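Participant: I'd like to go over a predicted model; first the sequence, then the structure.
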Protein chains: 2
Amino acid sequence: MVGIDEVARAAGVSTATVSRALSGKHNVSDSTRERVQEAAQRLGYVVSSSASSLASGRTRNIGVVIPHLDRWFFSTLLSGIAEQVTRAGYDITLYNVTPDREHRRQVFETFLRRQRVDGVIAVALELGEHESKTLLSLGMPVIAIGGPNELLPTLSIDDVGLGRLATEHLLAMGHLDIGHIGADPEFDIDFHIPSSRRHGFELALRTSGVEPRPELFEPGDFTIEGGFRAAKQLLGRPGASPTAIFAASDEMAIGAMLAARDLGYRVPEDLSIAGIDGHELGRFFDLTTVDQFPAGQGARAAATILHELEQSAGSVPDREELPYELVVRGSTARIGA
Amino acid sequence: MVGIDEVARAAGVSTATVSRALSGKHNVSDSTRERVQEAAQRLGYVVSSSASSLASGRTRNIGVVIPHLDRWFFSTLLSGIAEQVTRAGYDITLYNVTPDREHRRQVFETFLRRQRVDGVIAVALELGEHESKTLLSLGMPVIAIGGPNELLPTLSIDDVGLGRLATEHLLAMGHLDIGHIGADPEFDIDFHIPSSRRHGFELALRTSGVEPRPELFEPGDFTIEGGFRAAKQLLGRPGASPTAIFAASDEMAIGAMLAARDLGYRVPEDLSIAGIDGHELGRFFDLTTVDQFPAGQGARAAATILHELEQSAGSVPDREELPYELVVRGSTARIGA
DNA sequence: GTGAAAGCGCTAACAT
DNA sequence: ATGTTAGCGCTTTCAC
């Protein structure tokens, strides 16, 4: 492994100058810089990140704490983060927290504190007070995407608003008997997003003078299969007979579309269906949805963290709201259309 | 940030002993180790990874080079890697290579050479000779998952065999007019897996004395939507009339099922459909597939790398074959059934 | 603009 | 079993 002194020797300068030249500092003459770069290039020199980090205190590495890697929403979001971060020449270190409490504790208490990263993005994690404080005490920029968090700078999405918007769309189409496929209460212990969406749903209904009916709710697990099962329950239940279904995720909405078709419902003639997310399959299934731009969420979080990192000055990031947008496609229509 | 000497002072030992005690070396008495651990715990001490790496030459970090994060196959595989690696107390650093050649070059020439990782897993990358040699010259364990590679230790899957197995299943069901949805030749420039599958398909056909017909092939882009479009083409083409379709991925196979249904075909009565991958949706769509256990591929690669890392001795990993398995479900049946 | 030299916070020989 | 000490390969004052 060729080191900095070899480059220094080759370029006829000191190691200090090599360091400055290569890291783009300004106190280097153009000619020297060129000579150094040429030498480094020729020798195949690349700085050792551990040595550089130890000396400088900066790692050029962002930690991403994420609960799932194999779900569309999360991997899309991660993809958005990766693109930004990479573009800035930073690496990403992944901390995949699982339901295993002990492992999760380790991530917060040990892994993140090893000084391996300059900043942390915590994705869609319901962070307890203790965990939030641990993150804060890291002494580095931290940003949480998702659920509201009193303690941390947050990029949050208005899940109540998301649920309300989808529901208002259905109401505007004349639907009054609207079914909802949402979170299993059990699922919700550690993850409040779904119940916020349900809350938005009920809010919209009540605002229109419609009382939510318990028999029009069915829990699902946020997969296509779960949506399929939930929709069959909902549609099959005597006395329920919704004219529209709002599912708390696009994957469940797609499952619901397939279930409806299976049962002989035409979508949207007999049944309107709307989801939430902006899933890539939504276009294919012609699904009306409220897009929350997951890749954009990741990109934005990354940009924010990177900005703080470059600012050396402790900027004030705080709470920002993420955008969302109703995308009306063919799965919803006026009642009786 | 509390350092090792603070812990040493608190525990009344030298820093060397703290280092040994905390990293589980054997030359420490139980009582000392306990005292050290207690002190570290109490002071909230966590070793600095850069300092530790610089001194020891080990980072406890695995680099994963991967072309997509937001495709099911890749994120599932990554998930498999993450689980193993995390369990062993290693971190993962992600290198998401994009089609951008310049960026890709950077990953190989710079990022991976920064000594940030102890080993590298390269996922489903068609690595050129130069890139392969760069990886080799890193002086650390490297393993490639996917396409065969002459130069690198590889966990490879027999894509020809995969294609043949799926096709043989259809042949065994009595089908002779089998359509194939495979890779766009353009897609294939940098990624030979799909054409290997096609090769297996044609091999199986010829072995059974059936000559492949060009009009029974249609390219697809490995998405549900792409499979849908391809199947419509295939099924609509005058004179083609396949009784079965083999798609080179489950996502395309699912698209094909939806297309078939759309066109009024009953699956499997009028048309059998088989895919490849073992996609999670396969169960839901009752799709016959050749499962290649992507999460298992990741786990196995990770285990191999970790094993080499612990072995200090330069073991001989080399070429290993990954398992695959035909999973017969409801989307295929005997012809005329 | 450039160089000398003092660390950054650990680990690993080598002693004891 | 434990302590002493010399680095690991850089970055960053501080001089010039």
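Facilitator: That came through fine. Numbers count the residues shown, from 1 in each chain, chains lettered A, B, ... in the order given.

Participant: who does the helix or strand bottoming out on mean pLDDT in chain A touch, helix- and strand-wise?
Facilitator: Taking mean pLDDT, DSSP states H and E as the measure, chain A has strand A:320-321 as its least confident helix or strand, at a mean of 87. The contact analysis (3 or more Cβ pairs under 8 Å, 6 or more residues apart in numbering or on different chains; DSSP states H and E) places strand A:320-321 against strand A:154-156. All C-beta spots, glycine's among them, are computed from the backbone N, C-alpha and C.

Participant: Give me the buried positions along the next helix or strand along the chain from the strand it packs on.
Facilitator: Of the helices and strands lying after strand A:154-156 in sequence (DSSP states H and E), the nearest is helix A:159-172. Neighbour counts using 16 or more other Cβ atoms under 10 Å in any protein chain shown place A:159-171 of helix A:159-172 among the buried residues.

Participant: Quickly run through the sheet partners of the least confident helix or strand of chain A, with directions.
Facilitator: strand A:154-156 (parallel) (DSSP bridges).

Participant: mean confidence for the partner strand?
Facilitator: Averaged across strand A:154-156, pLDDT comes to 92.

Participant: so the residue most central in space within chain A is in which element?
Facilitator: For chain A, the residue nearest the mean C-alpha position is A:Leu77 (4.4 Å; Cα atoms, centre = their mean). Per DSSP H and E, A:Leu77 falls inside helix A:72-87.

Participant: Flag every buried residue along that helix.
Facilitator: Those buried within helix A:72-87 under the rule 16+ other Cβ under 10 Å are A:72-86.

Participant: same check, this time on stretch A:291-310
Facilitator: Quick answer for stretch A:291-310 (16+ other Cβ under 10 Å): A:291-306, A:308-309.

Participant: Cross those against helices and list the overlap.
Facilitator: A:294-306, A:308-309 (DSSP state H).

Participant: A:Gly146 is in contact with A:Leu127, isn't it?
Facilitator: No - contact between A:Gly146 and A:Leu127 fails when scored by Cβ atoms under 8 Å: they sit 9.3 Å apart.

Participant: These two: which has the busier surroundings?
Facilitator: Legend: neighbour count by other Cβ atoms under 10 Å in any protein chain shown for A:Gly146 and A:Leu127, higher for A:Gly146 (24 against 20).

Participant: which residues touch that one?
Facilitator: A:Val123, A:Ala124, A:Leu125, A:Thr154, A:Leu155, A:Ser156, A:Ile157, A:Ile193 (Cβ atoms under 8 Å, 6 or more residues apart in numbering or on different chains).

Participant: 10 Å - rerun?
Facilitator: A:67, A:77, A:122-127, A:154-157, A:159, A:191-193, A:297, A:301, A:322 (Cβ atoms under 10 Å, 6 or more residues apart in numbering or on different chains).

Participant: rewinding a little: what does the least confident helix or strand of chain A contact?
Facilitator: With Cβ under 10 Å, 6+ apart, strand A:320-321 has contacts from A:Ile143, A:Pro153, A:Thr154, A:Leu155, A:Ser156, A:Ile157, A:Asp158, A:Gly161, A:Arg300, A:Ala301, A:Thr304.

Participant: helix or strand right after it?
Facilitator: Following strand A:320-321 toward the C-terminus (DSSP H and E): strand A:325-327.

Participant: what helices or strands is that following strand leaning on?
Facilitator: helix A:159-172, strand A:272-277, strand A:288-291 (3 or more Cβ pairs under 10 Å, 6 or more residues apart in numbering or on different chains; DSSP states H and E).

Participant: for the longest one, packing partners?
Facilitator: Other helices and strands packing on helix A:159-172, by 3+ Cβ pairs under 10 Å, 6+ apart, are strand A:178-183, helix A:193-207, strand A:244-247, strand A:272-277, strand A:288-291, strand A:325-327.

Participant: Deepest in the core, which of these is it.
Facilitator: Of all the helices and strands packed on helix A:159-172, strand A:244-247 has the most neighbours on average by mean count of other Cβ atoms under 10 Å in any protein chain shown, namely a mean of 32.

Participant: helices or strands up against it?
Facilitator: Using 3+ Cβ pairs under 10 Å, 6+ apart, strand A:244-247 is in contact with helix A:159-172, strand A:178-183, helix A:193-207, strand A:217-220, helix A:224-236, helix A:250-262, strand A:272-277, strand A:288-291.

Participant: C-alpha coordinates for that strand, CSV please?
Facilitator: Taking Å, rounded to 0.1, in the frame of the first residue of the first chain, the C-alpha atoms of strand A:244-247 are listed here in CSV:
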residue,chain,number,x,y,z
ALA,A,244,-64.9,2.4,-2.1
ILE,A,245,-61.8,1.2,-0.2
PHE,A,246,-59.0,3.3,1.1
ALA,A,247,-55.9,1.2,1.9
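
Participant: Pairing partners for it, with directions?
Facilitator: By DSSP bridges, strand A:244-247 pairs with strand A:178-183 (parallel), strand A:272-277 (parallel).

Participant: Quick one: closest of the helices and strands packed on strand A:244-247 to B:Asp100.
Facilitator: strand A:288-291 (26.2 Å; Cβ to Cβ).

Participant: okay but A:Asn61 is in contact with A:Ala88, surely?
Facilitator: No - the criterion here is Cβ atoms under 10 Å, and A:Asn61 misses it with A:Ala88 at 11.2 Å.

Participant: Is there proximity between stretch A:94-112 and chain B?
Facilitator: Yes - applying Cβ under 10 Å from any Cβ of the partner chain, one finds stretch A:94-112 touching chain B at A:94-98, A:100, A:103, A:106-107, A:109-112.

Participant: Out of the strands paired with strand A:244-247, flag the one nearest DNA strand D.
Facilitator: strand A:272-277 (42.0 Å; Cβ to the nearest atom of the strand).

Participant: Report the distance from that closest one to the chain centre.
Facilitator: Put simply, strand A:272-277 sits 19 Å off its chain's centre (Cα atoms, centre = their mean, to the nearest Å).

Participant: and what of stretch A:109-123?
Facilitator: Chain-centre distance of stretch A:109-123: 17 Å, with Cα atoms, centre = their mean.
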